[in-house]
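Student: Test case, fold it:
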Amino acid sequence: MIARTALALVIAAVPLSAFAQATVTIDSDGQGQQIIVDQSAAGLDNRVSVDQIGISNTMSVLQRGDANSADIVADGTDNRQTVIQSGNAENVLLLDTLGSDNSATVNQSGDGGGANDASVIQTGNGNMAEINQNALVGALNLITLSQSGDNNEALLSQDGSGNNLTLTQNGNDNSAELGQTGTGLELSIKQTGGASVIINQTDF
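Tutor: I've put the predicted structure just below:
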C-alpha cells in the first residue's frame, strides 16, 4: 500500500493470507477527507487507486473475490462515493467525480467466467448515480455514464452477459432509470436538460 494524505482519515484493511494479492494506492489532498478501503476478505489480483482532492469528500471501497480493479477520483467538496466489488467475475471500475455534493454508488458482482466494466464520469453539482452490475458466464457487461451539469439522476442496472448500456446526461435535472436483463442487449440514451426516461430491456 502506498499512501500520501493531508488532513484525511484513511482506513485500509488488506488480506492476511500470504497468497492473496492486493494493492491500494491513495493520494489525498485537502481537509476533512475520509477514505475506507476493505480488502480483508479479497482474493487474488485486487487493486484500488484513489485520488482525492478538496474538502469533506468521503469514499468507501469493499472488494471480495478475485480480479477486482477500481480507479477512483474525487475533486471538489462533499462528494460521496461507495464501491462494492464481489463474487468471482472480473470487475473493473473507473469513477471520476468533479464538483460538489455529488454521489455515486457502484455495486459489481457475478460468476466466474463473467465480467463487468463500468465508467462513471460526473462533472457538476448535486448529481446522483447508482450502478448495479451482475455478470453471468459469457461476454463483458459494459456501462458508460457521463453526467455533466447539476442535479441529474441515473439508476442503471445490468444482469446477464454481453450487455452494453450508455447514458449521457447534459444540462440540469435529467432523470433516467435504465435496466438490462439477459444477453447481448444494447441501449444508448442522451438527455439534454429536464428529460426523464424509464426503460427496462430483457431477452426473456
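Student: gap between the strand or helix carrying Ile84 and the chain center?
Tutor: Assigned by DSSP states H and E, Ile84 falls within strand 80-85. Relative to its parent chain, strand 80-85 has a centroid offset of 6 Å by C-alpha atoms, centre = their mean, to the nearest Å.
Student: Next one: the residue most central in space within the chain relative to Ala139, how far apart?
Tutor: Centroid-nearest residue in the chain, with C-alpha atoms, centre = their mean: Val106, separated by 3.9 Å. Val106 is 20 Å from Ala139, where distance means C-beta to C-beta, to the nearest Å. Bear in mind the C-beta positions are built from the backbone N, C-alpha and C, glycine included.
Student: For the strand or helix carrying the residue nearest to the centre of the chain, what is the distance to the chain centroid?
Tutor: Using DSSP H and E, Val106 sits within strand 103-110. In terms of C-alpha atoms, centre = their mean, the centre of strand 103-110 is found 5 Å from the chain centre.
Student: What of stretch 61-73?
Tutor: For stretch 61-73, the distance to the chain centre is 9 Å (C-alpha atoms, centre = their mean).
Student: Tell me the backbone dihedrals of Asp111, please.
Tutor: phi -90, psi 160 (degrees, to the nearest 10).
Student: tell me the contacts of it?
Tutor: Gly87, Asn88, Ala89, Ala135, Leu136, Val137 (C-beta atoms under 8 Å, 6 or more residues apart in numbering).
Student: wait, the fifth one sits on Ser161?
Tutor: When you say that, I think you mean Leu136. Yes. With contacts counted by C-beta atoms under 8 Å, Leu136 reaches Ser161, the gap being 4.8 Å.
Student: Give the intersection of the neighbour lists for the two.
Tutor: With C-beta under 8 Å, 6+ apart, Leu136 and Ser161 have common neighbours Gly114, Thr183.
Student: of those two, who's got more company?
Tutor: Between Leu136 and Ser161, Ser161 has the larger neighbour count (other C-beta atoms under 10 Å), namely 24 against 17.
Student: distance of the closest residue to that one other than its chain neighbours from Gly162?
Tutor: For Ser161, ignoring the flanking residues on the chain, the nearest one in space by C-beta to C-beta, 6 or more residues apart in numbering is Gly138 at 3.1 Å. Taking C-beta to C-beta as the measure, Gly138 falls 6 Å from Gly162.
Student: More neighbours: which of the two?
Tutor: Neighbour tally, Gly138 and Gly162, criterion other C-beta under 10 Å: the higher count belongs to Gly162, 20 against 16.
Student: ok, that one - contacts?
Tutor: Gly138, Ala139, Leu140, Asn141, Thr183, Gly184, Leu185.
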